[in-house]
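Q: Provided below for reference: sequence and predicted model.
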Amino acid sequence: MVATLDKKIPNDVEKHILDAISEVRYGAVEVLIHDSKVVQIEKSEKTRFDNPKK
């Protein structure tokens with residue numbers, strides 16, 4: 001469990017955050033907090049294709 005000031009992040013929430021980070025190769029993970037509690041985790045991933053030179 002990770003300590004944040006005087007609050008604790010529950011183990012299941014911590015696991016979801018770490019899983020989201022490990023699943024994204026190129027992108028972002030956003031953790032939304034309301035009233036000092038994690039309420040949502042969003043992840044976005046980009047897929048880029050190299051444009052071969054002709």
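A: Done, it's in. These figures come from a predicted structure and were not determined experimentally. Numbering: from 1, shown residues only.

Q: Tell me if residue 42 really is in a strand.
A: Yes - counting by DSSP: H, G, I helix; E, B strand; the rest coil, residue 42 is found in a strand.

Q: Quick one: neighbours of it, just the number.
A: By the measure other C-beta atoms under 10 Å, the count of residues near residue 42 is 10. Every C-beta, even on glycine, is put in place using the N, C-alpha and C of the backbone.

Q: just to confirm, which helix or strand has the closest residue to it other than its chain neighbours in it?
A: Once flanking residues are discounted, residue 42 sits nearest to residue 30: 4.5 Å by C-beta to C-beta, 6 or more residues apart in numbering. Using DSSP states H and E, residue 30 sits in strand 27-34.

Q: Could I get the buried residue list for that strand?
A: Neighbour-count burial for strand 27-34, counted by 16 or more other C-beta atoms under 10 Å, picks out 29, 31.

Q: What helices and strands are in contact with it?
A: Here strand 27-34 touches helix 11-23, strand 37-45, going by 3 or more C-beta pairs under 8 Å, 6 or more residues apart in numbering; DSSP states H and E.

Q: can I get those in a markdown table with distance to residue 52 and mean pLDDT?
A: Output for those, formatted as a markdown table (distance: least, C-beta to C-beta, whole Å; pLDDT from 0 to 100):
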| stretch | distance to residue 52 | mean pLDDT |
| --- | --- | --- |
| helix 11-23 | 28 | 95 |
| strand 37-45 | 23 | 95 |
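
Q: Now that residue 16 has come up, it's in contact with residue 41, right?
A: Yes - using C-beta atoms under 8 Å, residue 16 is in contact with residue 41, at 5.6 Å.
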